[in-house]
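Asks: could you look at this predicted model? Sequence included:
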Amino acid sequence: MTDALLTALTALADDPARRPLLVALDFDGTLAPLQDDPSASRILPAGVEVLARLAGTPGVALALVSGRAMHDLHVLAQVPAGTFLIGSHGAERARVTTFGLDRDVVQLTDEQADRLASLGAEAARIARGRDGVWVETKPTAVVVHTRLAEASVAEPAEQEAIALGERLGSGVLHGKDVVEISVLRASKGEALTALRDELGAPVVLYAGDDVTDEHAFDALLDADLTVKVGHGTTAARYRVDDPDALVAALATLADQL
Ligand SMILES: O=P(O)(O)OC[C@H]1O[C@H](O[C@H]2O[C@H](CO)[C@@H](O)[C@H](O)[C@H]2O)[C@H](O)[C@@H](O)[C@@H]1O
């Protein structure tokens, strides 16, 4: 961890005026190292422990803000009751309770449902015959995955998926080896801003690794603490190398709160 990040975390912990503190974290590539198979993703064991500590700290609210579909995120997240979950890049929202999820189920219009079905068929056509390209279906989106494909195969598949999204989608996101085409307009930034406003949180700590997390960084304020995980251009003020380093930084914060 850099000295600058350590100083910022200490200042945050030491200032009781900066409460409630909203700790909001991306999932894949941030808390869970990236995997070829998305169903194999797991939050780091030390991450499970530190999130439980943060969630149990008075004056701290915990949220996961992910592109994952809500059901997927809930199964994988291993977070305590009280945690807010924002899924599908902001299109889905829930809160973890001891009895399961308290959630607003997304209702698509007939037109959106028809468009999602068409997107699924068209995305399958893009993947067909392309080794390592496959399609994930979510309640509001389809995702063309290319992590397992050679660059010469992945590149045209991604370009075709982007063009499909521009034709039939309401939003297109080009993330790490994925092109996501949604039938709803949503962004992590809007969802995060809505949650912070509801909680009246003067400060947000947000960490993320992907280009889609830049929407969240862009929506935050100078007083907020933004952390980019890994390499790449970013609007975040601080950077850590990988999920292990992020979990270590969160543990440092939890120790000081
Ligand atoms: O916002 P996130 O929590 O980072 O979720 C974004 C997408 O994550 C998943 O894809 C990414 O992680 C996979 C597993 O490590 C990896 O194989 C893929 O290449 C990454 O893009 C998930 O499958 C998507 O649906 C999420 O939107």
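Replies: Perfect, I can see it now.
Asks: where do the domain boundaries of this structure fall?
Replies: Domain assignment for the chain, taken from automatic domain parsing, gives 3-106+186-256, 110-182.
Asks: redo those as TSV? Include distance to the ligand.
Replies: Backbone N, C-alpha and C define where each C-beta goes, glycine included. Compiled in TSV, the domains of the chain are given as follows (distance: least, Cβ to the nearest ligand atom, whole Å):
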stretch	distance to the ligand
domain 3-106+186-256	2
domain 110-182	4
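Asks: make TSV out of these and add mean pLDDT.
Replies: Shown next, in TSV, are those (pLDDT from 0 to 100):
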stretch	mean pLDDT
domain 3-106+186-256	97
domain 110-182	98
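Asks: with mean neighbour count added, can I get those domains in TSV?
Replies: What follows is the domains of the chain, written out as TSV (neighbours: other Cβ atoms under 10 Å):
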stretch	mean neighbour count
domain 3-106+186-256	19
domain 110-182	18
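Asks: ok, and the closest non-adjacent residue to the residue nearest to the spatial centre of the chain?
Replies: Centroid-nearest residue in the chain: Ser66, 2.4 Å away (criterion: Cα atoms, centre = their mean). Once flanking residues are discounted, Ser66 sits nearest to Phe27: 4.1 Å by Cβ to Cβ, 6 or more residues apart in numbering.
Asks: what does Leu101 give?
Replies: Ala94 (4.5 Å).
Asks: just confirm the one you found is within a strand.
Replies: Yes: using DSSP: H, G, I helix; E, B strand; the rest coil, the assignment for Ala94 is a strand.
Asks: which residues are in contact with it?
Replies: Met70, His74, Phe84, Leu85, Gly87, Leu101, Asp102, Arg103, Asp104 (Cβ atoms under 8 Å, 6 or more residues apart in numbering).
Asks: next step: those restricted to helices.
Replies: Judged by DSSP state H, the contacts of Ala94 include Met70, His74 as members of helices.
Asks: does the residue nearest to the centre of the chain touch Leu31 like I think?
Replies: No: using Cβ atoms under 8 Å, Ser66 is not in contact with Leu31, being 9.3 Å away.
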